[in-house]
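Engineer: Give me a 3D structure for the following:
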Amino acid sequence: MTIFLYLLKIHLISVYFFIKLLHRRKNQVFFLSRQFDEPSLNYQAIMKRLEDEKIPYKFICKKVNANINDSIRTQGNYSNTFSFLKKTFSHFHSALGYYFDLYKQMRYIAQSKVVIVDGYNLPVSLLKHKKGTKVIQMWHALGAIKQFGYQTIGRKDGISPKVAKILKMHANYDYVLSGSVGMNPFFAEAFHVNEEKVLPIGTPTVDYMRMKDKKIAAKIAKKYPSMKEKINVLYSPTFRNDKRQNLEELVKYFDFEKANLLITFHPKVENSIADDRILVIDREEFSTFDIVKMVDYVITDYSALMIDAAVANKKILLYVYDYEKYEEDNGLNIHLLEDYPHLASKSGKKIVETILNNLYDEKEYKAFKAKYVPNIKSSTEEIMKLIKECLYE
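Structural biologist: The predicted model follows:
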């Protein structure tokens, strides 16, 4: 069942050997992402600073088809190689495009002294790079509330152990950026690196969440005028394979006369709700980060959005209705119900009552922030210092 991945691995190693011979390395930074089709907020902030200092860079941001990604991640679960190939090549056009894109990725890696990634990337982890090439893992979240990477190998929602071994999951990182010292041990486990390589300097998201943008704020206020009149509560759940939101219980006890209920969906979930009382945010028009900055409360679950919201000094509540199941299927780094019993609850009714009756536990919130929220003047500047050290050492 794994012969296809072994052949791909041998092929890429052979091709990269000649690419390294043909291309001279420069004092250049290469940004690589398979999470997004355009540079993320984090990438854009660093790119702008590189431009200001006239440091050259290249980037490739191309989201990999979810079906291809899932079929490779879980290859060990297929009954035979044929069934794996059948699913993968049912999206032949996307698979072929990704294959040829790997050649360009390998060329830019060979030409660059610093490579920045925001997740697992095949050529970065699988291949042996030129001596002195530095790889920085700028994970797309500030924290790891839920387990991921090496922490979830073999779990129901994790990667196949066979695939992780063949494709050298999360290898070759020189530095891993985390959001806080409290998160360092979890990031070290997830990326399978020594904790000394984990730097708690955050990402440009930290700076963005602290920044006020009057133009965006005015645009949101114009789109949703009722936000000026009431308490504003955002519900932003993480993605689940069964696509559940469990919104009904929140709505049942919510008082729409006193407060607005906004919701942002994960990109994999259909962006629609029949209830006109709920403000469904158009993710094509406004980012979740911008909405967070406009509300009073953020309700989430196992998402690192709780850290982003806390950076912006927004009150967080954790609606963990499927706590035991999620812990078993995926795993958690923070025992939310035990460590933060006043912020986290399996009861939607309790969450709503906390908001409407002004029962929020500020002491517990401050304890959470002290442990997991970045305490740094400018994450962007700290990352720039690291990049320049790598370029000019």
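Engineer: Give me the buried positions along the helix or strand containing residue 15.
Structural biologist: Element membership of residue 15, judged by DSSP states H and E, is helix 3-22. Neighbour-count burial for helix 3-22, counted by 16 or more other CB atoms under 10 Å, picks out 5, 8, 9, 12, 16, 19, 20. Just so you know, the C-beta spots here come from the backbone N, C-alpha and C atoms, and that holds for glycine as well.
Engineer: Run through the stretch 1-150 of the chain and note the low-pLDDT ranges.
Structural biologist: 1, 65-93 (pLDDT under 70).
Engineer: follow-up on the earlier one: from the buried residues of helix 3-22, which single one is nearest residue 315?
Structural biologist: residue 5 (45.8 Å; CB to CB).
Engineer: Please name the nearest non-neighbouring residue to residue 326.
Structural biologist: In this structure, residue 326 finds its nearest non-sequential neighbour in residue 302, 6.3 Å apart by CB to CB, 6 or more residues apart in numbering.
Engineer: tally of neighbours for the one you found?
Structural biologist: As a burial measure, residue 302 scores 26 neighbours (other CB atoms under 10 Å).
Engineer: Next, the contact list for the most centrally placed residue in the chain, please.
Structural biologist: Centroid-nearest residue in the chain, with CA atoms, centre = their mean: residue 140, separated by 3.5 Å. By CB atoms under 8 Å, 6 or more residues apart in numbering, the residues touching residue 140 are 35, 40, 42, 118, 119.
Engineer: need the contact list for the third one.
Structural biologist: Spelled out, that is residue 42. Listed by CB under 8 Å, 6+ apart, the contact set of residue 42 reads 118, 138, 140, 203, 204, 205.
Engineer: Please repeat the previous calculation with a cut-off of 10 Å.
Structural biologist: Going by CB atoms under 10 Å, 6 or more residues apart in numbering, residue 42 touches 31, 33, 36, 116, 118, 138-140, 177, 202-208, 379-380, 383.
Engineer: next one: the fourth one
Structural biologist: Residue 118 makes contact with 31-36, 39-40, 42-43, 61, 136-141, 177, 203 under the criterion CB under 10 Å, 6+ apart.
Engineer: Only the buried subset of the residues you listed, as a PyMOL command please.
Structural biologist: Selecting the buried subset of the contacts of residue 118 in PyMOL, with 16+ other CB under 10 Å as the burial test, is done by:
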select buried, resi 31+32+33+34+35+36+39+40+42+43+61+136+137+138+139+140+141+177+203
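Engineer: List the ones among the contacts of residue 118 that fall in strands.
Structural biologist: 31, 32, 33, 61, 136, 137, 177 (DSSP state E).
Engineer: The residues you listed: which two are farthest apart?
Structural biologist: Maximum distance among the ones in strands among the contacts of residue 118 (CB to CB): 18.0 Å, for 61 and 177.
Engineer: Domain-wise, how is the protein divided?
Structural biologist: 3-202+377-392, 212-372 (automatic domain parsing).
Engineer: residues near residue 99, how many?
Structural biologist: Count around residue 99 with other CB under 10 Å applied: 12.
Engineer: Any stretches of the stretch 151-300 of the chain with poor pLDDT?
Structural biologist: 241-244, 266-272.
Engineer: one more time with 90
Structural biologist: In the predicted model, the stretch 151-300 of the chain carries pLDDT under 90 at residues 154-163, 212, 229, 238-247, 265-276, 282-285.
Engineer: residue boundaries of the strands in it?
Structural biologist: 175-177, 198-199, 231-235, 259-263, 278-280, 297-300 (DSSP state E, counting those that start in this stretch).
Engineer: any chance of these in TSV, plus distance to residue 330?
Structural biologist: Converted to TSV, the strands of the stretch 151-300 of the chain look like this (distance: least, CB to CB, whole Å):
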stretch	distance to residue 330
strand 175-177	20
strand 198-199	21
strand 231-235	20
strand 259-263	22
strand 278-280	26
strand 297-300	15
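Engineer: From the contacts of residue 140, which land in helices?
Structural biologist: residue 42 (DSSP state H).
Engineer: Mind picking the two most distant members of the contacts of residue 140?
Structural biologist: Across the contacts of residue 140, the longest distance by CB to CB is 11.7 Å; it joins 42 and 119.
Engineer: ok so, going back, can you tell me which two in the buried residues of helix 3-22 are farthest apart?
Structural biologist: 5 and 20 (22.2 Å).
Engineer: Can you get me a residue count around residue 116?
Structural biologist: By other CB under 10 Å, 27 other residues sit near residue 116.
Engineer: Can you name the next helix or strand after the host helix or strand of it?
Structural biologist: Here residue 116 sits within strand 112-117, counting by DSSP H and E. Per DSSP H and E, the first helix or strand lying C-terminal to strand 112-117 is helix 122-126.
Engineer: CA atoms of that following helix as CSV?
Structural biologist: Taking C-alpha atoms only, helix 122-126 is exported to CSV below (Å, rounded to 0.1, in the frame of the first residue of the first chain):
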residue,chain,number,x,y,z
LEU,A,122,6.8,17.7,1.4
PRO,A,123,10.0,18.9,-0.2
VAL,A,124,11.1,20.8,3.0
SER,A,125,10.8,17.9,5.3
LEU,A,126,11.6,15.0,3.0
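Engineer: Just the residues contacting it, thanks.
Structural biologist: Against helix 122-126 from outside (CB under 10 Å, 6+ apart): 8-9, 12-13, 15-16, 19, 30, 32, 34, 64, 72, 98, 101-110, 115-117, 120, 129, 133, 135, 137, 166-173.
Engineer: 6 Å instead, please
Structural biologist: Contact partners of helix 122-126, identified using CB atoms under 6 Å, 6 or more residues apart in numbering, comprise 102, 105, 106, 117, 167, 168, 170, 171, 172.
Engineer: what's the answer for stretch 256-268, then?
Structural biologist: Residues contacting stretch 256-268 (CB under 6 Å, 6+ apart): 226-227, 230-236, 239, 254, 271, 277-281, 288.
Engineer: repeat that with 8 Å
Structural biologist: 66, 224, 226-227, 230-239, 243, 245, 247, 250-251, 254, 271, 273, 277-281, 283, 288, 291, 295, 355-356.
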